[in-house]
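Visitor: Predicted coordinates and the sequence they were generated for:
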Amino acid sequence: MPARSLTLLAVVFCSLIVCAQTPAVDCVGCHSKVTPNIVSDWKLSKHSPVGVTCVSCHGDQHTSAADVARVKLPTPETCAQCHQTQFDQYSKGKHSMAWAAMLAMPTIHWQPMAMIEGAKGCGGCHKIGMKSSTNVVEMREVGTEFGVGACDSCHTRHTFSVEEAKSPQACETCHMGFDHPQWEMYSSSKHGVRNDLKQRHLLPETAAAPTCQTCHMQAGNHEVRTAWGFLAVRLPLPEDKQWAADRATILQALGVLDPQGKPTALVATIKAADVARLTQEDWQRERDKMITTCNQCHSVNFARQQLQQGDDMIKNADHLMAEAIRIVAGLYQDRVLPQPKNYAYPFPNLLTFHDAPTVIEQKLFVMYLEHRMRTFQGTFHASPDYAMWYGWSEMQRDLTEIKEEAARLRREQGKASVKPAVMK
């Protein structure tokens with residue numbers, strides 16, 4: 001019997017057991033009036049014809065308007081009852097770490113509750129990550145009755161469509177905007193344009209048109225990992241001495257290396273959040289997977305050349321970024337600029353975002369999280385306009401403004417730079 005048929009039988013069997021062990025609850029009868037579109041979406045889903053009912057995911061404790069608080073909200077573990085392979089893959093990938101990665105930001109607790117636990121800002125996308133029971137309680141306390149799941153971030157409830165999740169538009173809600181405009185980059189690239197034409201039926205179904213999932217979820221793998229990770233920094237340091245020094249400076253400004261260049265306790269957090277590759281083997285494994293994917297349409301030599309150019313852009317962007325970091329660190333060292341008391345090391349903290357206390361420090365954070373991101377992400381996503389004008393060009397302008405502002409601050413205090421900006 002085909003594997004797909006066996007899986008279907010398993011789902012049906014599982015559903016029958018769940019239904020047999022729970023009292024009959026007229027969910028559809030009531031919700032057809034109260035939330036009719038939820039019911040119609042469920043009827044469109046593959047769950048409906050195989051007996052995966054409301055009770056299967058929400059339990060049987062909610063039976064009327066008087067006991068809504070007793071409804072069970074699904075979690076990734078709920079989906080794992082029938083989709084164990086996908087759950088295991090997701091659990092090992094960066095999406096499952098998204099909530100923890102958000103909470104690891106140094107000033108996240110300064111933000112409005114609605115933005116985080118209320119999911120109207122950072123939490124709106126990072127809710128795809130797995131949450132502890134404490135996190136769930138915190139979210140409910142601020143009136144957020146959704147977001148404790150993860151699978152429905154891509155497979156929108158209650159259709160939970162595989163076809164929807166395989167479309168690049170499924171990624172658009174989160175992967176766009178300030179620090180990760182992958183949607184804008186992809187949709188304006190030749191890859192994205194061809195997919196758009198294919199969806200409009202202007203290209204045949206058999207035409208090659210890579211989606212986000214083609215490159216980042218090879219063979220449907222739910223880990224969703226990349227070689228460079230989200231921050232485009234990695235260990236070990238490169239053999240190129242200048243690049244090694246530049247990357248070390250960036251890692252110091254991220255709090256990953258101390259002033260002597262030794263790993264800090266934050267390395268464990270970075271590793272747990274899966275936002276960077278910390279060994280050559282981990283990086284090479286993801287790079288090889290990408291080359292295999294590219295080779296479906298391009299030669300291996302072409303793929304390696306294009307990816308190498310992305311590496312080169314990171315190298316060049318790192319040089320500009322490191323120079324800017326050293327300028328601000330020099331202001332701390334020369335006591336031209338007061339270093340915030342909550343900074344553990346004599347470097348600006350790139351992850352304080354808009355909470356950085358001065359204009360020059362905020363310019364540095366924008367240079368890193370907006371313009372450096374666009375420089376290398378635009379390159380890898382085959383978007384020349386983003387790589388050049390929204391990325392590299394803006395970094396050049398940022399550095400000019402930072403130099404000018406640093407000079408002004410020094411003039412005001414009558415202090416010239418007399419010592420190295422970075423401790424080594």
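Guide: Perfect, I can see it now. The structure displayed is predicted, hence computed values, not measured ones.
Visitor: from memory residue 127 sits against residue 99, does it?
Guide: Yes. Taking CB atoms under 8 Å as the definition, residue 127 is a contact partner of residue 99 at 6.7 Å. In short, each C-beta sits where N, CA and C put it, glycine included.
Visitor: what do those two both touch?
Guide: Here residue 127 and residue 99 share no contacting residue, scored by CB atoms under 8 Å, 6 or more residues apart in numbering.
Visitor: low pLDDT regions in the chain?
Guide: Judged by pLDDT under 70, the chain has its weakly predicted residues at 1-25, 137, 139-147, 417-424.
Visitor: Now do the domain split for this structure, please.
Guide: 1-72, 166-220, 241-413 (automatic domain parsing).
Visitor: List just the one of the ones you listed that sits closest to residue 89.
Guide: Residue 89 sits nearest to domain 166-220 of all the domains of the chain, at 8.4 Å, using CB to CB.
Visitor: tell me which residues in the longest helix anywhere in the chain are buried?
Guide: Ranked by residue count under DSSP state H, the longest helix found in the chain is helix 300-333. Using 16 or more other CB atoms under 10 Å as the test for burial, helix 300-333 gives 303-304, 306-307, 310-311, 313-322, 324-333.
Visitor: Same question for stretch 168-181.
Guide: Neighbour count says stretch 168-181 has 168, 170-171, 174-176, 179-181 buried, by 16+ other CB under 10 Å.
Visitor: any chance you could map the helices in the stretch 1-150 of the chain?
Guide: 3-20, 27-34, 36-44, 54-58, 76-80, 84-92, 98-103, 122-126, 133-141 (DSSP state H, counting those that start in this stretch).
Visitor: What of the stretch 301-424 of the chain?
Guide: 359-366, 373-380, 384-385, 393-413.
Visitor: Kindly report the same for the stretch 151-300 of the chain.
Guide: Going by DSSP H, counting those that start in this stretch, the stretch 151-300 of the chain shows helices at 162-165, 169-172, 182-188, 190-199, 212-216, 241-253, 266-273, 280-294, 300-333.
Visitor: isn't residue 416 right up against residue 407?
Guide: No. Look at residue 416 against residue 407 with CB under 8 Å: they stay out of range, at 9.9 Å.
Visitor: Settle it for me: which of those two has more neighbours?
Guide: Each of residue 416 and residue 407 has its neighbours counted (other CB atoms under 10 Å); residue 407 has more, 13 against 10.
Visitor: count of neighbours near the spatially closest residue to residue 157 that is not a sequence neighbour?
Guide: Distance criterion CB to CB, 6 or more residues apart in numbering; nearest residue to residue 157, sequence neighbours excluded, is residue 41 at 7.2 Å. For residue 41, the neighbour count with other CB under 10 Å is 17.
Visitor: What residues does residue 41 make contact with?
Guide: 157-159.
Visitor: Report the separation between it and residue 48.
Guide: Distance, residue 41 to residue 48, using CB to CB, to the nearest Å: 9 Å.
Visitor: Can you give me every residue that contacts the closest residue to residue 294 other than its chain neighbours?
Guide: Spatial nearest neighbour of residue 294, chain neighbours left out: residue 303 (3.6 Å); criterion: CB to CB, 6+ apart. Residues near residue 303 by CB under 8 Å, 6+ apart: 290-291, 294-295.
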